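K.L.:
got a structure for you, letters missing:
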Ligand SMILES: [Zn+2]
């Protein structure tokens with residue numbers, strides 16, 4: 001097992017170094033957005049909007065430039081962060097001497113990775129690296145503004161409260177559904193309140209996970225898909241990929257519910273804050289439920 005882990009680590013390191021070069025060879029696609037009609041496909045150098053009469057000096061275009069994410073940009077961010085976090089998790093578990101023994105069967109290895117420690121380490125690492133890569137790549141390679149992500153200041157407090165309330169409602173519904181259907185109890189939370197693993201779980205569930213999910217899966221992926229697709233089609237694709245990202249934690253149907261809720265909030269408010277508040281509230285509810293009941297249900 002140790003040899004296999006070292007091999008995966010090595011391959012991961014090479015991929016992390018090579019993938020960006022392979023995928024980002026071409027420069028990003030810049031367009032200027034017409035301040036009058038909002039048309040966002042005007043080529044650089046064109047002095048008049050393609051759709052309306054608005055003229056634009058070349059020196060003023062800079063302010064209205066907008067980079068357009070393409071699927072391969074997002075794929076690159078995702079793959080690089082995935083390999084980086086896998087390497088990180090394996091190195092950390094190896095360093096702590098917590099990898100399964102070399103002669104472990106595949107079943108035992110699977111069992112091992114379902115335990116609280118590997119589960120939460122993986123969750124924290126994968127979200128942290130996705131957030132890090134998304135922010136640094138977007139910041140260095142694309143000109144973007146707070147408004148690109150729907151983070152304009154107006155109406156934030158109200159939409160955040162609505163998001164948080166919606167997150168609590170979705171948690172309650174998932175909890176009731178799980179109870180009514182007799183879903184198997186999971187215990188991936190530590191039993192003792194003083195367990196050091198909480199130091200990893202609480203910030204991951206209440207802040208890191210929600211921020212990453214909204215920034216990448218709604219702010220970047222869903223926005224990109226929306227350019228050519230209806231809201232419902234874009235939602236099906238982005239929520240499916242979100243499910244893949246959150247695999248194993250928590251139950252898939254609650255991830256789907258949160259994904260659908262957050263996409264609807266994003267479509268309604270054109271902002272990432274209500275969705276972030278909804279996921280954070282969902283995470284806090286899950287923590288409270290698990291500490292009170294001693295097991296996880298949703
Ligand atoms: Zn125009």
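P.N.:
Right, received. Where do you want to start? Computed from a predicted structure; not experimentally measured. Numbering: from 1, shown residues only.

K.L.:
if I look at residue 262, how far off is residue 130?
P.N.:
16 Å (Cβ to Cβ, to the nearest Å). C-beta coordinates here come from the backbone N, C-alpha and C atoms, glycine included.

K.L.:
Of those two, which one has the most company?
P.N.:
Taking neighbours as other Cβ atoms under 10 Å, residue 262 and residue 130 compare with residue 262 leading, 32 against 26.

K.L.:
ok, the more buried one touching residue 218?
P.N.:
Yes - counting by Cβ atoms under 8 Å, residue 262 touches residue 218, with 5.8 Å between them.

K.L.:
Report the set of residues contacting both of these two.
P.N.:
Common neighbours of residue 262 and residue 218, counting by Cβ atoms under 8 Å, 6 or more residues apart in numbering, are residue 275.

K.L.:
which stretches of the stretch 51-200 of the chain form helices?
P.N.:
Assigned by DSSP state H, counting those that start in this stretch, the stretch 51-200 of the chain shows helices spanning 58-64, 71-95, 106-113, 116-141, 156-181, 198-203.

K.L.:
Follow the chain on from the one helix or strand residue 212 maps to and name the next helix or strand.
P.N.:
Assigned by DSSP states H and E, residue 212 belongs to helix 209-212. Scanning forward in sequence from helix 209-212 by DSSP H and E, the next helix or strand is helix 223-226.

K.L.:
Show me the shaky parts of the stretch 51-200 of the chain.
P.N.:
Along the stretch 51-200 of the chain, the parts satisfying pLDDT under 70 run over 67-68, 139-154.

K.L.:
who's in contact with the most centrally placed residue in the chain?
P.N.:
Centrality entry for the chain: nearest residue to the mean C-alpha point is residue 213, 2.6 Å, by Cα atoms, centre = their mean. The neighbours of residue 213, taking Cβ under 8 Å, 6+ apart as the test, are 127, 242, 245, 246, 262, 275, 276, 279.

K.L.:
Now which of these would you call buried?
P.N.:
127, 242, 245, 246, 262, 275, 276, 279 (16 or more other Cβ atoms under 10 Å).

K.L.:
between those, which is nearest residue 184?
P.N.:
Residue 184 has its nearest neighbour among these in residue 246, at 18.2 Å by Cβ to Cβ.

K.L.:
What helix or strand is the residue nearest to that closest one when sequence neighbours are not counted located in?
P.N.:
Distances taken as Cβ to Cβ, 6 or more residues apart in numbering place residue 255 nearest to residue 246, at 4.6 Å, with adjacent residues excluded. Here residue 255, judged by DSSP H and E, is contained in helix 252-269.

K.L.:
got it, and residue 274?
P.N.:
helix 273-293.

K.L.:
what's the angle between that helix and helix 252-269?
P.N.:
Angle, helix 273-293 to helix 252-269, by axes from the mean of the first three to the mean of the last three Cα atoms, to 10 degrees: 150 degrees.

K.L.:
Check the offset of helix 273-293 from the chain's centre.
P.N.:
16 Å (Cα atoms, centre = their mean, to the nearest Å).

K.L.:
tell me what the host helix or strand of residue 240 is packed against?
P.N.:
Assessed by DSSP H and E, residue 240 sits inside helix 231-245. Secondary-structure packing of helix 231-245 (3 or more Cβ pairs under 8 Å, 6 or more residues apart in numbering; DSSP states H and E): helix 223-226, helix 252-269.

K.L.:
Including distance to residue 176 and mean pLDDT, could the ones you listed go into TSV?
P.N.:
Output for those, formatted as TSV (distance: least, Cβ to Cβ, whole Å; pLDDT from 0 to 100):
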stretch	distance to residue 176	mean pLDDT
helix 223-226	32	86
helix 252-269	12	90
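
K.L.:
Cool, thanks, signing off.
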